[in-house]
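J.: Build the 3D model from these lines:
(4 chains)
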There are 2 protein chains.
Amino acid sequence: MKRRVTLQEVAFAAGVSTGTISNYLNQTAPVGKDTKLKIQNAINEMGYQRNEIASSLRRNHTKSLGIIVPNVSNAFYATMFQASEVEAQKRGYTISLGNIHYNRERMDEYLRLFSNKRMDGILLAAYSIDVPGDWYSDLYPPLVVIEPPSLTLPFSTVGIDNLAASYEITKYLIQKGHTRIAIIVLSRESLRFAGYQKALEENNIPIRDDMVQELGKLETDLIAQGDREMSKLLEKASFTACFATTDLLAIGAITCAKRNGIKIPEDLSIAGFDNIPLASIVDPPLTTVAQPIEEMGRIGIKLLIKQIKRKTRAKPENIILNTRIIVRASA
Amino acid sequence: MKRRVTLQEVAFAAGVSTGTISNYLNQTAPVGKDTKLKIQNAINEMGYQRNEIASSLRRNHTKSLGIIVPNVSNAFYATMFQASEVEAQKRGYTISLGNIHYNRERMDEYLRLFSNKRMDGILLAAYSIDVPGDWYSDLYPPLVVIEPPSLTLPFSTVGIDNLAASYEITKYLIQKGHTRIAIIVLSRESLRFAGYQKALEENNIPIRDDMVQELGKLETDLIAQGDREMSKLLEKASFTACFATTDLLAIGAITCAKRNGIKIPEDLSIAGFDNIPLASIVDPPLTTVAQPIEEMGRIGIKLLIKQIKRKTRAKPENIILNTRIIVRASA
DNA sequence: CTGAAAGCGCTTACAG
DNA sequence: CTGAAAGCGCTTACAG
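T.: Here you go, the predicted structure:
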């Protein structure tokens, strides 16, 4: 690769100063008619491409945003990522990806890296992991978190009411007549578990330990994980419905059940959470709670850019989006 | 956000020169034992974070790569993107996304933008679109293309033998006894169409215009597009098998057929192309040709970094990966 | 409207 | 082993 031509070189060729070319290019000051012409000609002939790195150093912003997700090849995050990209691009930002594979250390690494690369802001979609403490300080670029573990963070957030949504879908299962309802969930500490618990308690259904399958951590291949967890559940308990707290887990669970000759929904109802595109395509189509995935990505970017615009750390905003139950054939 | 501390400030605090701190940080020259200590203390206390932008300007590389894909939320590209990210991260590069929505202008924009942002290299996965002519010059960063439209480009490429793979799957359909085989394809000019054509001709089966559904362009929602195209096909022709040249199109086609009461594979066999994860999950599971998607992403990055390492434009390499037919229930 | 010059925050010969 | 100084390629007051 050849060394690329610099502003200084085109300035020399055009017989003007670098300052006025910069003013012309950035429309930051009026430039004379024939000066413009000379400049444009030189630029065209020499194939000048502005060095944004130098520009960034001087201007002190990069017009780049970092997005950190657990796993881009998971449809949920792929969709969110895409929506973010569209929104960011519209506003002149380009975006970098940090894929952390549900792994805490990688999250820290990417946070640090993006800060060092002087990203103007960072969007973090790391449900259930929380932000490292030092990020609370203002030595770091603005951060907004999607699906925050709690609302008391000093960051703007976008998410849904996980407790309420889980409560609703569990209630739906109960209304369909189920009383033996299993759950596949990341942790008993999670809001989704709390919603399940609330619905059962309200209906005087005791929570049975053998029906709660606690994951501890999420894996990259959630479908395989859901399949395995369902088979463990099947061994130790008998139930007529199962709430798998993520669609991909639910899909794995369905696969497992079908393989074992269990008919869905006749023998076993299964409900998911997220409403990824796949949910409507699997057999049977999945009953689930819809999250406005794209909107979360878009709003995340908007909040982030808002934080960037006002230089001082603004009071964080917490946006909570609506969910709704999508009834399909699986439950 | 506070102004971040600079090397100069820590140099002052530590009582050494910026040069030796730089040498310490980059291990680019030996540094005295207690000098190290003083430096490390100052860095820790002051919370120094290196400004990679300044570093990039001076060093003339950014350790960033751009990846351009038609649509990240499409499982095929999401998977490829993810594999690329893992490979790039391993080698110390961070990656930026250009999502072009199957749109030529956006591709040009991102190419230019990434060049201006001084990405060290660009990975382009834009099947069927070709690279703008001026990129053949060496004013631009190294570029490698995944799934190249042809092998005569002056760039390194990774892909598969589309003609051979389509030929094989079509032959498979013929061997199953089908003679009325429809095809849903981007264009009659494409290699996938050529493979289909070759298989039919070899078996003296005439190609019937009413059985080739030519798309012209791909849309963001390929499943919806496949659904629509299948319904057009159903109206005008009668056939016992259909080769949809992309899994997502095939899945849309299946959805359409099922809705019309057509049994798959009893009434109609459908074959796809790509073997995305979804292919094994739909009902019925899709017979398709498997592309080594992750490997394509990984090798793409490797080729790219190879080009970056030798500064002079190297002779391009064209890697062709193997495909194989995955027989499942749909055909 | 235009130019000369300082400066963004690093790295890199060079001299000692 | 360490420091002084130039330079990467822009943008931005400032003066005219």
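
J.: Show the low-confidence segments of chain A, by residue range.
T.: For chain A, residues meeting the criterion pLDDT under 70 lie at A:127-128, A:311-314.

J.: same thing but at 80, please
T.: Along chain A, the parts satisfying pLDDT under 80 run over A:1-2, A:126-130, A:132-134, A:136-138, A:150, A:311-314.

J.: And the residue nearest the centre of it?
T.: Closest residue to the average C-alpha location of chain A: A:Ala125 at 3.9 Å, with CA atoms, centre = their mean.

J.: That one and A:Leu143 touch, don't they?
T.: No. The pair A:Ala125 and A:Leu143 fails to qualify as a contact (CB atoms under 8 Å) at a distance of 11.5 Å. C-betas here are computed from N, CA, C, even on glycine.

J.: still on that earlier bit, could you find the closest non-adjacent residue to the residue nearest to the centre of chain A?
T.: A:Ile146 (4.1 Å; CB to CB, 6 or more residues apart in numbering or on different chains).

J.: what does A:Asn275 give?
T.: Per CB to CB, 6+ apart, closest to A:Asn275 is A:Ala290, 3.7 Å.

J.: Name the residues that touch stretch A:273-286?
T.: By CB atoms under 8 Å, 6 or more residues apart in numbering or on different chains, the surrounding residues in contact with stretch A:273-286 are A:75-76, A:79, A:165-166, A:169, A:192, A:243-248, A:250-251, A:254, A:264-265, A:270-272, A:288-291, A:293, A:326, A:328-330, B:223, B:251, B:255, B:278, B:281-283.

J.: now could you export just the CA positions of it as PDB?
T.: Presented in PDB, the C-alpha positions along stretch A:273-286 are these (Å, rounded to 0.1, in the frame of the first residue of the first chain):
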ATOM      1  CA  PHE A 273     -39.100 -15.500  26.400                       C
ATOM      2  CA  ASP A 274     -37.800 -13.000  23.800                       C
ATOM      3  CA  ASN A 275     -39.700 -13.700  20.600                       C
ATOM      4  CA  ILE A 276     -36.800 -14.100  18.300                       C
ATOM      5  CA  PRO A 277     -37.600 -14.600  14.700                       C
ATOM      6  CA  LEU A 278     -37.000 -18.300  15.100                       C
ATOM      7  CA  ALA A 279     -39.800 -18.600  17.600                       C
ATOM      8  CA  SER A 280     -42.500 -18.500  14.900                       C
ATOM      9  CA  ILE A 281     -40.700 -21.000  12.700                       C
ATOM     10  CA  VAL A 282     -40.000 -23.900  15.000                       C
ATOM     11  CA  ASP A 283     -42.500 -26.700  15.300                       C
ATOM     12  CA  PRO A 284     -44.700 -26.200  17.200                       C
ATOM     13  CA  PRO A 285     -44.400 -22.400  17.000                       C
ATOM     14  CA  LEU A 286     -43.400 -21.000  20.400                       C
END
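
J.: in it, what counts as buried?
T.: Of the residues in stretch A:273-286, those with enough neighbours to count as buried (16 or more other CB atoms under 10 Å in any protein chain shown) are A:273-279, A:281-286.

J.: again, but for stretch A:283-296
T.: A:283-294, A:296.

J.: Please apply the same query to stretch A:263-270.
T.: A:264-265, A:268-270.

J.: Adding distance to A:Met119 and secondary structure, write the residues you listed out as CSV.
T.: What follows is those, written out as CSV (distance: CB to CB, whole Å; DSSP: H, G, I helix; E, B strand; the rest coil):
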residue, distance to A:Met119, secondary structure
A:Ile264, 45, coil
A:Pro265, 46, coil
A:Leu268, 46, coil
A:Ser269, 45, strand
A:Ile270, 40, strand
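
J.: Chain B: which of the residues you listed is nearest?
T.: Proximity to chain B was ranked across the buried residues of stretch A:263-270 by CB to the nearest CB; first place goes to A:Ile264, at 11.8 Å.

J.: three-state assignment of the residue in chain A that chain B sits nearest to?
T.: Minimum separation of chain A from chain B (CB to the nearest CB) falls at A:Asp283, amounting to 3.3 Å. In three-state terms, and counting by DSSP: H, G, I helix; E, B strand; the rest coil, A:Asp283 is coil.

J.: where's it relative to B:Leu278, distance?
T.: For A:Asp283, the distance to B:Leu278 equals 12 Å [CB to CB, to the nearest Å].

J.: for A:Phe114, same thing?
T.: A:Phe114 sits 31 Å away from B:Leu278 when distances are taken as CB to CB.

J.: again with A:Pro70
T.: Between A:Pro70 and B:Leu278 the computed distance is 19 Å (CB to CB).

J.: Kindly report the domain assignment for chain A.
T.: A:7-50, A:62-160+A:293-321, A:162-290 (automatic domain parsing).

J.: Look at the closest residue to A:Pro148 other than its chain neighbours and give its secondary structure.
T.: For A:Pro148, ignoring the flanking residues on the chain, the nearest one in space by CB to CB, 6+ apart is A:Thr157 at 4.0 Å. Look at A:Thr157: counting by three-state DSSP, its state is strand.

J.: contacting residues for A:Thr157?
T.: Residues in contact with A:Thr157, defined by CB under 8 Å, 6+ apart, are A:144-146, A:148, A:151, A:316-319.
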